[in-house]
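Compute the structure for the input listed below.
(one chain, ligands or ions: 1)
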Amino acid sequence: MKRKLILALAIVLASFLCAVYLLLIQGTPESAFLKSICKGSARCFYGTIERITDGDTLQINGDTIRLALINAPEKWEAAYEDSKSFVESMCPIGSDVVVDEDDLQVSRSHRRIIAVVYCGRVLRNLNKELLEAGYAKILKDFCERSEFANEEWAKFYGCG
Ligand SMILES: [Ca+2]
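Sure thing, here's the model as predicted:
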């Protein structure tokens with residue numbers, strides 16, 4: 001009986017050590033998941049949408065996020081409301097998102113980050129979706145200095 005108990009404890013201890021080892025070499029499941037989405041080595045993190053300023057600017061975790069390569073209509077332009085509503089429906093306030101900072105436009109300030117934002121249950125690329133839906137245009141001038149310029153969507157909509 002005692003031997004069985006020792007064996008069971010040994011198995012529990014071995015599994016625990018195994019888990020610790022895996023966490024040490026691979027990071028948490030969460031960070032492994034982020035690694036599978038994020039490109040480059042600049043900041044990449046989970047966040048919560050706090051405000052949608054317009055179609056290309058969001059407030060996430062207290063930071064202003066400017067969507068890389070994207071230009072959406074300004075307040076005084078006709079399609080402003082439509083483009084903003086599109087973002088609101090895809091990434092509602094309070095929803096969780098992933099922010100992947102543009103490695104070629106890393107900001108010195110913590111407060112304004114140029115990035116691709118992934119939102120929704122299946123984490124869709126908001127930058128790409130805005131272009132696809134016709135609610136924004138690509139900022140061609142930035143194709144030369146964006147990490148994302150070589151992605152299919154960026155090439156398709158003007159960086160190619
Ligand atoms: Ca990046």
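
Find the helix or strand that whichever residue of the chain sits closest to the ion is a member of.
The nearest approach of the chain to the ion comes at residue 40, 3.4 Å away (C-beta to the ion). The C-beta positions use only the backbone N, C-alpha and C, and glycine is treated the same way. Assigning secondary structure by DSSP states H and E places residue 40 outside every helix and strand.

Touching, residue 130 and residue 84? I think so.
No - proximity of residue 130 to residue 84 does not meet the contact threshold set by C-beta atoms under 8 Å, at 10.7 Å.

Between the two, tell me which one has more neighbours.
For residue 130 and residue 84, the more surrounded residue by other C-beta atoms under 10 Å is residue 130, and the numbers stand at 26 against 20.

The more buried one - that's part of a strand, no?
No - using DSSP: H, G, I helix; E, B strand; the rest coil, the assignment for residue 130 is helix, not a strand.

what's the residue nearest to it when sequence neighbours are not counted sitting at in phi/psi?
On the basis of C-beta to C-beta, 6 or more residues apart in numbering, the spatially nearest residue to residue 130 that is not a chain neighbour turns out to be residue 136, at 4.0 Å. Backbone dihedrals for residue 136, given as degrees, to the nearest 10, come out at phi -150, psi 160.

The residue of the chain closest to the ion: neighbouring residues, count only.
Burial of residue 40 is recorded as 14 neighbouring residues (other C-beta under 10 Å).

Could you list which residues are in contact with the closest residue to it other than its chain neighbours?
With C-beta to C-beta, 6+ apart as the measure, residue 103 is the residue that lies nearest to residue 40, at 3.4 Å, once sequence neighbours are left out. In this structure, residue 103 makes contact with 39, 40, 41, 42, 147, judged by C-beta atoms under 8 Å, 6 or more residues apart in numbering.
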